[in-house]
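[1] here you go, sequence then predicted model.
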Amino acid sequence: MSTLSLEAVSRWFGNVVAVNDVTMHIGPGVTGLLGPNGAGKSTLIHMMAGFLAPSAGTVALDDRPVWRNEDVYRDLGLVPEREDMYDNLSGWDFVLANATLHRLPDPAAAARRAIDTVQMADAQDRDIRTYSKGMRQRIKMATALVHDPAVLLLDEPFNGMDPRQRLQLMELLDRLGGEGRTILFSSHILEEVEQIAGRIEVMVAGRHAASGDFREIRRLMTRRPHQYTIRSSDDRALAAAVIAEPSTSSVEIVAGSERVSAVGVERVGGVHVQATDFAAFIHALPQLAARGGIRLYEVRPADESLESVFSYLVAR
Amino acid sequence: MNATVARLTSRAILGRRRALLLLLLPAALLVICVLARVLAGAGPDGADGLAAELLNGFGLAVLLPLLALIAGTGAIGPEIDDGSIVYLLAKPLRRSVIVVTKALVAIGIVTLFGALPVLIGGVIMTGGLGAVPVGYGVGSLLAGIAYSAVFLLLAVVSRNAVVLGLLYALLWESLIGQFVPGAQALSIQQWSLAVTQSVVGADAERLGIASAVGLPVAVVLLTLVTVGSVWYASRRLRTIRLTEDA
Amino acid sequence: MSAPEQPQLPPQAAGGGVIHDIGYRHYDGPRLGTRYVQRSLFVDGLRGAYGLGRSMRSKIMPLLLLAAMCLPAIVLVVVTTVVGGDDLPLGYTEYLFNVQTVVAIFLAAQAPVLVSRDLRYRVVPLYFARPLQRPQYVQAKLAAMTTALFVLMALPLVIMFAGALLAKIPFSEQAPDLALGLLAALLYAVVLAGVGLLIAAFTPRRGLGVAAVIAVLLVLSGAQVAVWAIADELGNTTLAGLSGLISPSTLVDGVLSSVLGASSTVVEPPGTLGAVVFVAAAVLLVVGCYLALLARYRRVPTS
């Protein structure tokens, strides 16, 4: 049982902040690292795997620092995102070489076991050059599993896999997690994470946006009060109608002012609404407007950043 | 030194096309040497002079740096470029062991394809294991070691390692060295030539074997550059960043 | 531009699917032909050879080499204007021959940029999915490499010419020499581009491509020097002259001196027959490289 701990980790490249003040603890079981492309997932995994120094903060595996400490690789396996391996070796030779590099007491047996785990025994004697994408992915898995590590990091493992291979890998990860290993994989596809990860860590624009049980996060996202700014043909009448709705908790009218913008004269201001039940409110709003003969010009969530996380989680 | 790293590295360097190129260079040298022997004959006086000229101009100045460039950068450059080096780095293995092993493999290959053919070529032309073949053999061996280490370091530090190595070997050592004598003080070729010169001994001056630096300085600099390159390459490999762009 | 009317897709019967017309239109207007594709490929290749439009890291090497080409020319010009004199200390064609090492490094460094990536990342078949024929692809790449090399060699010559005029050397004396120099640059460019691209097209890994191009050029020039040295030892001037055939740069140098009367630097082709042999060899080399490249790309699958 091992835990990867990140304490206040940041990483910047020149002026670009790729990972911003992230604290997370990854324990046994399968954890999904979720986030859109460019959210800093790869940077984070590179830091966890000891290939990148944190600009600030620490990354540790059970209190041992990961950076500049080659010994952690005894307990850590990494499946990199890139496809390239030693193309002119056969799958067997490559996994065996990895076992030997780990100085395992019986490298051949370890290689045998790892190749069986990923079900590559049939193709093990072919050169890696001839492998399909899914086969490459499995051989990469075998090299990462060959020393029976307590922690396994996988960077976008499902990329380019067909549904069957995807299912196989999911089952494998599920099994490995069930054995008490600490498994972290990154993905930008919700369904993948949903199906196997007990826990998720959500990264958005380099920040740690959410963490915990997947369903719990989803619930938190939908149940929290939502704020909207609404512009309409009759703000006052709309406000009166909206406050009568049970799904709202407060309404505020903001005095309008006119602003000249590129598209012409634009009115700013309107009605600020705080909704307690997001789904009910969204359902009721158009009906209210229709009943009162009010035209809605714009309905905009006031809380952009969290909203984008939310819509990301639900809509993808 | 790690046997598995050595095996992976030598397989990578001796991959099909790279091996062809590695063979082409010594083959050209040997063909020229045979031609020289057959056409110009092995006169008691002329053979040594022509041998020295060829082994210097084609062997030490061209063959050695090129072979070392192919082997030294090829030992680690492609792996860094395509990211497959992670399979070596993500192991409980000291980075210095990786670098030292790769340097030794490169040196072995340069010795086999470079220094040895120079020695053989010398023997072919002079008709015996005299001072000239041995001198150039030893000089080539040392040059191969130093060049390999330097080019390995270049491959760790830069993606443009091969071109940078060419600029050093062809522009700095050969072209600029001709016009700016000071440049020759910082030239692996000249340091190795100093060793050759001392092995050949009294005949060196008559045969036109003259290095720009003295023997003690040459030996110290060769050692320093080799050890320093390997040390710094190990250091850089500990903090190497594996970026995604190729 | 008027687009033809698109037929509205009728809504499907209940229960079935429906494709909504969201306004996509076919393009039926005139298309730019393969000439345009070829020209784009040429421009892209030429810009790529100097790293233009690419990252800073790709620009450093070619520009450094361009600077290395021009620096000696600038030194020559400064020396001529300061010291004075009635001619440049080094002629245009001699200058070109003396900086062949730099040209070779440029070729080695940039030829793989033009062809290796396309092959390594398997995008060549994508080009041929366009209405572009294989010969046109090869021609575009060859033209780009040739032009890049020509620019590399012409720039220092123009600098020398400008310097000569600054030093009050008469225009009428310099202009024909410059013209000859530029012609020489073109000849070098054509011959070397073919050789470089051919080797690079067989070595898809960039680092290896660089080494392969330079190795071949150096081995050939080393062999040339060796044969010349042997011939010299034997006192065989015919063989010494013919040794120029071995290496591309001495081949061009031989053509220049025997046909165009440029002052030769190393080899003197023996007599009129020698001149014919050199010209024939040069033509054979250029055509041979082109045909070999065609053969190389014929092996690239279309899909």
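    Arrived safely, thanks for sending.
[2] quick one: is the worst-scoring helix or strand of chain B on mean pLDDT near chain C?
    Taking mean pLDDT, DSSP states H and E as the measure, chain B has helix B:177-179 as its least confident helix or strand, at a mean of 77. No: with C-beta under 8 Å from any C-beta of the partner chain as the measure, helix B:177-179 is seen stopping short of chain C, the closest distance being 8.9 Å. (C-beta placed from N, C-alpha, C; glycine too.)
[3] residue ranges of the helices in the chain, please?
    Using chain A here. In chain A, the segments counted as helices under DSSP state H are A:41-48, A:91-101, A:107-117, A:133-145, A:163-178, A:190-196, A:214-223, A:235-243, A:278-292, A:304-315.
[4] hm, I was asking about chain C
    Defined through DSSP H, the helices belonging to chain C, from first to last, are C:34-49, C:56-83, C:92-98, C:100-120, C:124-128, C:134-166, C:171-201, C:206-234, C:237-242, C:248-259, C:271-298.
[5] equivalent analysis for chain B, please.
    Taking DSSP H as the criterion, chain B carries its helices at B:3-13, B:16-40, B:46-54, B:64-74, B:77-82, B:86-89, B:95-110, B:116-126, B:131-157, B:161-166, B:177-179, B:188-200, B:215-238.
[6] least reliable of those going by mean pLDDT?
    Within the helices of chain B, confidence is poorest for helix B:177-179, with a mean of 77 (mean pLDDT).
[7] flag every buried residue along that helix.
    B:G177 (16 or more other C-beta atoms under 10 Å in any protein chain shown).
[8] got the contact list for that helix?
    By C-beta atoms under 8 Å, 6 or more residues apart in numbering or on different chains, the surrounding residues in contact with helix B:177-179 are B:183-184, B:187, B:189-190, B:212.
[9] where does chain A get nearest to chain B, which residue?
    For chain A, the nearest residue to chain B under the criterion C-beta to the nearest C-beta is A:D84, separated by 3.7 Å.
[10] where exactly do the strands run in the stretch 1-150 of chain A?
    A:4-13, A:16-26, A:29-34, A:56-61, A:64-65, A:76-79 (DSSP state E, counting those that start in this stretch).
[11] could those be laid out in a markdown table, adding mean pLDDT?
    Output for these, formatted as a markdown table (pLDDT from 0 to 100):
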| stretch | mean pLDDT |
| --- | --- |
| strand A:4-13 | 93 |
| strand A:16-26 | 91 |
| strand A:29-34 | 91 |
| strand A:56-61 | 94 |
| strand A:64-65 | 92 |
| strand A:76-79 | 94 |
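[12] ok, back up a step: deepest-packed of the helices of chain B, please.
    When neighbours are counted by mean count of other C-beta atoms under 10 Å in any protein chain shown, the highest per-stretch mean among those falls to helix B:64-74, a mean of 30.
[13] counting contacts, what elements does it pack onto?
    Counting contacts by 3 or more C-beta pairs under 8 Å, 6 or more residues apart in numbering or on different chains; DSSP states H and E, the secondary-structure elements packed against helix B:64-74 are helix B:3-13, helix B:16-40, helix B:95-110, helix B:131-157, helix B:161-166, helix B:188-200, helix C:206-234.
[14] out of those, which is closest to chain A?
    In terms of C-beta to the nearest C-beta, the element of these nearest to chain A is helix B:3-13, at 4.5 Å.
[15] how far does the closest one sit from the chain's center?
    With C-alpha atoms, centre = their mean, to the nearest Å as the basis, helix B:3-13 stands 19 Å off its chain's centre.
[16] tell me the angle of it relative to helix A:91-101?
    Comparing the axes of helix B:3-13 and helix A:91-101 via axes from the mean of the first three to the mean of the last three C-alpha atoms, to 10 degrees yields an angle of 140 degrees.
[17] ok, and does helix B:3-13 reach over to chain A?
    Yes: Helix B:3-13 comes into contact with chain A (C-beta under 8 Å from any C-beta), by way of B:3-5, B:7-8, B:11-12.
[18] quickly list what the residue nearest in space to the middle of chain A is bridged to.
    Centroid-nearest residue in chain A: A:L34, 0.6 Å away (criterion: C-alpha atoms, centre = their mean). Using DSSP bridges, the beta-bridge partners of A:L34 come out as A:S187, A:V202.
[19] surely it meets A:M203?
    Yes: assessed by C-beta atoms under 8 Å, A:L34 is found in contact with A:M203 at 7.1 Å.
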